[in-house]
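Participant: pasting the structure only:
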Ligand SMILES: [Zn+2]
């Protein structure tokens, strides 16, 4: 999706913009302030469809059991934010954030069901123009999942690549999707996952202006307090992956 060089250029540009606006001042950097590094897993579909972005319900359940047995505790987006802002905020010894992109119906039918079975939580990033269309989450599903302790985030209106848009288009995608979802769940939407991981040198600034506290990329890695809040890293989980702990360890260092 991106060459390593392009990614590095984007990181530097975004960090410069954020540094200049002062937004990053609350995110201390340096090893002493890094604290726990939180893995953020990125799933898409949980079902029986074909494709490398689908894991079967059995595999997903196995992943949840493995994470639990290894001592990981799932956290909400709000706990994730609090921990990044305040070193004193309570966080499990081994926190993990599970995320789902694209808002497929199977997120409700399979993932949510299994998460509830194990008393776990996750964040679901929804493409708002597809809400209520065939094979996608409906307003009712999103409301029920939010009421059931799941976090909801934006995956933009159209799922077009933010890195390829003008500032105005990107601002519209971010603001309109946030407002739509806030109308659905009646609570603030403060995180966005960039479609296909795409961003450019203005994305961080636009996301900040659109009242987001953070943006998730698809760059491999984990998130510590020093991680740029608008280039948050994740660990993708694909259909062909084996043991989830081994996969995490393989991809956590980017
Ligand atoms: Zn997507």
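Facilitator: Good, I have the coordinates. Worth saying up front: this structure is predicted, and the values here are computed from it rather than measured.

Participant: near the ion, which residues of the protein?
Facilitator: Taking Cβ under 5 Å from the ion as the contact definition, the chain meets the ion at 101, 102, 195. (C-beta placed from N, C-alpha, C; glycine too.)

Participant: how about the residue in the stretch 151-254 of the chain that the ion sits nearest to, what does it touch?
Facilitator: Proximity of the stretch 151-254 of the chain to the ion (Cβ to the ion) peaks at residue 195, 4.7 Å away. Contacts for residue 195 were tallied using Cβ atoms under 8 Å, 6 or more residues apart in numbering; they are 101, 127, 155, 156, 159, 160, 161, 162.

Participant: if we go to 6 Å?
Facilitator: Under the criterion of Cβ atoms under 6 Å, 6 or more residues apart in numbering, the neighbours of residue 195 are 156, 159, 161.

Participant: for it, what are phi and psi?
Facilitator: Per-residue torsions, residue 195: phi -50, psi 130 (degrees, to the nearest 10).

Participant: how near is it to residue 108?
Facilitator: Applying Cβ to Cβ, to the nearest Å, one obtains 20 Å for the distance of residue 195 from residue 108.

Participant: ditto for residue 188
Facilitator: 22 Å.

Participant: between these two, tell me which one has more neighbours.
Facilitator: Counting neighbours by other Cβ atoms under 10 Å for residue 188 and for residue 108 shows that residue 108 has the greater number, 22 against 13.

Participant: go ahead and confirm that one touches residue 140.
Facilitator: No - because the distance of 9.3 Å does not satisfy Cβ atoms under 6 Å, residue 108 is recorded as not touching residue 140.

Participant: next up, the contacts around residue 157.
Facilitator: Applying Cβ under 6 Å, 6+ apart as the definition, the contact partners of residue 157 turn out to be 128, 129, 173, 176, 177.

Participant: can I get those in JSON lines including distance to residue 61 and pLDDT?
Facilitator: Supplementary listing: those in JSON lines, determined by distance: Cβ to Cβ, whole Å; pLDDT from 0 to 100:
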{"residue": "128", "distance to residue 61": "29", "pLDDT": "98"}
{"residue": "129", "distance to residue 61": "31", "pLDDT": "98"}
{"residue": "173", "distance to residue 61": "34", "pLDDT": "98"}
{"residue": "176", "distance to residue 61": "36", "pLDDT": "98"}
{"residue": "177", "distance to residue 61": "30", "pLDDT": "98"}
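
Participant: thank you kindly, that will do.
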